[in-house]
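> Here you go, sequence then predicted model.
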Amino acid sequence: MEKLLQWAVNNSELKPDPSKFDPAVIEAILGKDDATRMKEAVDCIIDPKDTLENKEIALDNLEMV
């Protein structure tokens, strides 16, 4: 029983290597980070070709971040 406990303690300290995770999968699960969403909203707002409706949505999104 003590060997099993020791094994569990030794193996519970293993942590996954974050460099092995695909950023696209992480983004799909968690969504974009706040900084990325803010940059996209500002890019939309300053783009003269974008529609007024998209700019309003971007302003709303920027307010929510």
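Cool, got the structure.

> next one: stretch 18-25 to chain centre, how far?
11 Å (CA atoms, centre = their mean, to the nearest Å).

> for that stretch, what is the average pLDDT?
The average of the pLDDT scores along stretch 18-25 is 85.

> try stretch 31-48
On average, stretch 31-48 scores 94.

> which residues are in contact with that stretch?
Identification of contacts with stretch 31-48 by CB atoms under 8 Å, 6 or more residues apart in numbering yields 50, 54-55, 57-59, 61-62, 65. Placement of C-beta: from N, CA and C, glycine included.

> Also stretch 54-65?
Under CB under 8 Å, 6+ apart, the answer for stretch 54-65 is 34, 37-38, 40-42, 44-45, 50.

> and these, which are buried?
Neighbour counting with 16 or more other CB atoms under 10 Å marks 37, 41, 44-45 as buried within those.

> With respect to Gln6, which of the contacts of stretch 31-48 is nearest?
Comparing the contacts of stretch 31-48 against Gln6 with CB to CB places Val65 closest, at 46.6 Å.

> Give me the neighbour count for that closest one.
When counting by other CB atoms under 10 Å, one arrives at 11 neighbours for Val65.

> now Leu62
For Leu62, using other CB under 10 Å, the count is 15.

> any idea how far it lies from Lys55?
Separation of Leu62 from Lys55 (CB to CB, to the nearest Å): 10 Å.

> Ok, Asn10 next?
In this view, Asn10 and Lys55 are 56 Å apart by CB to CB.

> Of those two, give the one with the bigger neighbour count.
Lys55 (15 against 9).

> Now that one. Its backbone dihedrals?
Dihedral pair for Lys55: phi -70, psi -40, per degrees, to the nearest 10.

> With secondary structure and distance to Ser19 added, can I get the contacts of stretch 31-48 in TSV?
Formatted as TSV, the contacts of stretch 31-48 follow (DSSP: H, G, I helix; E, B strand; the rest coil; distance: CB to CB, whole Å):
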residue	secondary structure	distance to Ser19
Asp50	coil	36
Asn54	helix	36
Lys55	helix	37
Ile57	helix	35
Ala58	helix	32
Leu59	helix	36
Asn61	helix	30
Leu62	helix	31
Val65	coil	27
